[in-house]
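> Below is the sequence, then the predicted model.
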Amino acid sequence: MSMRKLTIIGLMVFIPICMSAQKALNLKNWPEGASPKEVGELVSKRFVEVPHPNFNGNPAPPNEITYPETCAWFGALRYADITRNKKLLRQLEERFLPIFGPERRLQPLPDHVDHTVFGTIPLQLYAQTGKEIYYHMGIWYADEQWKMPRNTKHKEQYQALLDQGLSWQTRYWIDDMFMISAIQSQAFFVTKDRQYIDRAAKEMVAYLDKIQRPNGLFYHAEDVPFFWGRGNGWMAAGMTELLGLLPKDNPNRTRILESYRKMMNTLLEYQKEDGLWGQLVDDKTTWTETSGSAMFTYAMIKGVKQGWLDENIYTPVIRKAWIALVGHIDEKGDIAGVCEGTNKTNDRQFYLNRRTLLGNMHGQAPVLWCVNAFLEK
């Protein structure tokens, strides 16, 4: 069945018999090709097939493993765990092993939020294999995020952040709060040491204070007053990752949950007729962007399943978004409509002029996160 036909079927009017039946049908009975398991198999297989990509479609060999690949790898590892797919786990581990030898030069250093998130991969590998070498590598990344770097020219600036209990990598860009939340949450997941998750929550609140607006959405940065789609997606996914593991007695949990709900409520207003969200979230006339839309969908799936969101309100929104996303995935497992990597720029047209890249890992990653959120218990 073609993806275009699948999208049409998915957008057909759905008449519920009752609310409980609606939930069961909406999140379990899918058109052909749209079940999370089918999509997970397709997209994870595609990840294994693709060599380490460079950034923004650059055909040259990469100098390091980029954060979009890391985020997709993390999603594929979780998928292998949830589905108990030992073959996929072996393939994902085999992709990692050359880091200890011929591909050592590709290992990112923990010198920036986009590089430090790489530590989620060894931490997930440790969680699934128990191999201590992965544990020590992953914890090194998490610890370095809160440790003054050697030979820095910014010691005074970084010390001021550390004195506040914040990471020296703090810069108040919107994507930071997935990168920081993911690595610190995974460190907590494998160690059960509260310092990791507690400091991530403190960091999250600092970002909420700086860049969340009264409508619940987020500027790309303090000086860039645009609600960029994937940027907001990073924030939605970051809050979701954090809340999924944050102990209920953490003093910042209530604030983070309130901010998450405020964002989700506003996203309801801006869902487009096609089921997804625009490149600029608050303007439905801007072009549909799939990576941010997938991140929003992930946050909503998890929110409904965790009881953070009203299932009767969000379930039909999730279904419409998911089927629309699947309609953008081709037979190889590549998703279309993914905005290229985007630095902050105080120019609205700059965001509207960004290219889209087929199969870019910025989009492959959150598709896998959605799959995992659907399938996990």
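Okay, I see it.

> Quick check: the residue nearest to Met137 when sequence neighbours are not counted vs Ala365, distance?
Spatial nearest neighbour of Met137, chain neighbours left out: Pro122 (4.2 Å); criterion: Cβ to Cβ, 6 or more residues apart in numbering. Glycine gets a C-beta too; all of them are placed from N, C-alpha and C. Going from Pro122 to Ala365 by Cβ to Cβ, to the nearest Å gives 17 Å.

> Mind checking which of the two has more residues around it?
Ala365 (30 against 23; other Cβ atoms under 10 Å).

> Read off the pLDDT value for the more buried one.
We have a pLDDT of 98 for Ala365.

> before we move on, which element is it in?
Ala365 belongs to helix 361-375 when elements are defined using DSSP states H and E.

> which helices and strands sit right next to that helix?
helix 36-49, helix 67-82, helix 229-245, helix 290-306, helix 311-326, strand 338-339 (3 or more Cβ pairs under 8 Å, 6 or more residues apart in numbering; DSSP states H and E).

> at 6 Å what do you get?
Applying 3 or more Cβ pairs under 6 Å, 6 or more residues apart in numbering; DSSP states H and E, one finds that helix 361-375 makes contact with helix 36-49, helix 67-82, helix 290-306.

> Tell me the first helix or strand C-terminal of the second one.
Which is helix 67-82. helix 86-96.

> I'd like the distance from that next one to the chain centre, please.
Computed by Cα atoms, centre = their mean, to the nearest Å, the chain-centroid distance of helix 86-96 equals 21 Å.

> Could you find the closest non-adjacent residue to Leu325?
Nearest to Leu325 is Ala294, by Cβ to Cβ, 6+ apart, at 5.7 Å.

> what residues are up against that neighbour?
Leu325, Pro366, Val367, Cys370 (Cβ atoms under 6 Å, 6 or more residues apart in numbering).

> Leu42 too?
Gly333.

> now it: how far from Asn232?
27 Å.

> that older thread, to Leu352, which of the helices and strands packed on helix 361-375 lies closest?
Between Leu352 and the helices and strands packed on helix 361-375, the tightest spacing by Cβ to Cβ is seen for helix 290-306, at 14.0 Å.

> tilt between the closest one and helix 361-375?
Taking axes from the mean of the first three to the mean of the last three Cα atoms, to 10 degrees, one finds that helix 290-306 is oriented at 20 degrees with respect to helix 361-375.

> Please compute how far helix 290-306 lies from its chain's middle.
For helix 290-306, the distance to the chain centre is 9 Å (Cα atoms, centre = their mean).

> go on, stretch 55-62?
Worked out by Cα atoms, centre = their mean, stretch 55-62 lies 21 Å from the chain centre.

> Other residues contacting that stretch?
His52, Asn54, Thr66, Glu340, Gly341, Leu357.

> Count the residues that sit near the residue lying closest to the first one once chain neighbours are set aside.
Distances taken as Cβ to Cβ, 6+ apart place Pro62 nearest to His52, at 5.4 Å, with adjacent residues excluded. Neighbours of Pro62 under the rule other Cβ under 10 Å: 15.

> doesn't Pro62 fall inside a helix?
No. Counting by DSSP: H, G, I helix; E, B strand; the rest coil, Pro62 falls outside a helix, being coil.

> picking that back up, so which of the helices and strands packed on helix 361-375 comes closest to Tyr196?
Closest to Tyr196 of those, according to Cβ to Cβ: helix 67-82, at 16.2 Å.

> and the angle from the closest one to helix 229-245?
Using the same axes, to 10 degrees: helix 67-82 against helix 229-245 is 40 degrees.

> Show me what helix 67-82 is packed against.
helix 36-49, helix 86-96, helix 120-129, helix 361-375.

> hang on, the earlier thing: which pair in the contacts of stretch 55-62 has the greatest spatial separation?
His52 and Glu340 (17.7 Å).

> Isn't Cys370 up against Phe296?
No. With contact defined as Cβ atoms under 6 Å, Cys370 does not reach Phe296; the gap is 9.8 Å.

> now the helices: where do they sit in the stretch 151-300 of the chain?
Taking DSSP state H, counting those that start in this stretch, the helices of the stretch 151-300 of the chain run over residues 155-163, 176-191, 194-211, 229-245, 253-270, 290-306.

> quick one: average pLDDT of the shortest one?
The one in question is helix 155-163. 97.

> buried stuff in it?
Buried residues in helix 155-163, counting neighbours by 16 or more other Cβ atoms under 10 Å, are found at Tyr158, Leu161.

> hmm, who's touching it?
Residues from elsewhere that reach helix 155-163 (Cβ under 6 Å, 6+ apart): Met148, Trp168, Thr170.

> do the second one as well
When contacts are defined by Cβ under 6 Å, 6+ apart, helix 176-191 is touched by residues 113, 116-117, 119-120, 123, 126-127, 141-142, 196-197, 200, 203-204, 207, 234-235, 237-238, 241-242, 245.

> export it as CSV, just CAs?
What follows is helix 176-191, C-alpha atoms only, in CSV (Å, rounded to 0.1, in the frame of the first residue of the first chain):
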residue,chain,number,x,y,z
ASP,A,176,20.3,21.9,25.1
MET,A,177,17.5,20.6,27.3
PHE,A,178,17.2,17.3,25.4
MET,A,179,21.0,16.8,25.2
ILE,A,180,21.5,17.5,28.9
SER,A,181,18.4,15.8,30.1
ALA,A,182,19.1,12.6,28.1
ILE,A,183,22.6,12.0,29.3
GLN,A,184,22.0,12.9,32.9
SER,A,185,18.7,10.9,33.0
GLN,A,186,20.5,7.8,31.5
ALA,A,187,23.3,8.2,34.1
PHE,A,188,20.6,8.1,36.8
PHE,A,189,18.9,5.2,35.1
VAL,A,190,22.0,3.0,35.4
THR,A,191,23.4,4.2,38.7
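
> And that helix, what's buried?
176-191.

> And the average pLDDT for it is what?
Per-residue scores along helix 176-191 average to 98.

> ok, now the third one?
The average pLDDT within helix 194-211 is 98.
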